[in-house]
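Student: how would this look folded up:
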Amino acid sequence: QLQLVESGGGLVQPGGSLTLSCEASELPLEHYAIGWFRQAPGKEREGVSCISTNGGSTRYADSVKGRFTISRDNAKNTVYLQMDSLQPDDTAVYYCAADAMVVAGCIIQEFEYDYWGQGTQVTVSY
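Tutor: Next up, the predicted model:
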C-alpha cells in the first residue's frame, strides 16, 4: 500500500517561503496524480493544488495561484509544493494525497484521492 510522508512545514514570517515535500514509499509514485490539501483550525479541508502523473498538468486554487508551485520528481518518488509570499491565511496543516484512479490530468477534489499523508503544520506569523 502506498505510504505518503509530508515534510518541510514550520514557522515562517508573512512574505516568506517554504517548500513542502511529499515522499512516497512502498510503491512508485509515478502512477498517481498527487494533490495538496490544507486544513486551518476550525475550517474544512480545502484543495490547494494537484499535479498529473507525468507533471504535465497542474491546477491551483484561486487563493494560491501565482504564489504556490507544485512539481514532482518521479525518480525521487517525491512531490513538492513551493510556497512563496506566504500570508497568515495560509496557516494550516498541509496534506498530500494520491489518486490511484486518475486517467489524465488531475482535479483538486478530496473524493478523488485514495491515500493520504499525516500532514505537516505550516504557521505564518510574526
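Student: How many neighbouring residues does Glu30 have?
Tutor: Glu30: 13 surrounding residues under other Cβ atoms under 10 Å. To be clear about C-beta, it is placed using only N, CA and C from the backbone, and glycine gets the same treatment.
Student: Touching, Gln39 and Glu46? I think so.
Tutor: Yes - using Cβ atoms under 8 Å, Gln39 is in contact with Glu46, at 7.3 Å.
Student: which residues in the protein form strands?
Tutor: 3-7, 10-12, 18-25, 33-39, 46-51, 58-60, 68-73, 78-83, 92-99, 115-116, 120-124 (DSSP state E).
Student: Present those as TSV; the columns should include mean pLDDT and mean neighbour count.
Tutor: Listed next are these as TSV, based on pLDDT from 0 to 100; neighbours: other Cβ atoms under 10 Å:
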stretch	mean pLDDT	mean neighbour count
strand 3-7	96	17
strand 10-12	98	14
strand 18-25	96	19
strand 33-39	98	24
strand 46-51	98	23
strand 58-60	97	17
strand 68-73	98	18
strand 78-83	98	22
strand 92-99	97	23
strand 115-116	96	18
strand 120-124	98	18
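Student: Let me have these in TSV, adding distance to Ile107 as columns.
Tutor: Formatted as TSV, these follow (distance: least, Cβ to Cβ, whole Å):
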stretch	distance to Ile107
strand 3-7	18
strand 10-12	28
strand 18-25	17
strand 33-39	8
strand 46-51	7
strand 58-60	7
strand 68-73	13
strand 78-83	16
strand 92-99	8
strand 115-116	16
strand 120-124	23
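Student: In contact with Gly15, which residues?
Tutor: 85-86 (Cβ atoms under 8 Å, 6 or more residues apart in numbering).
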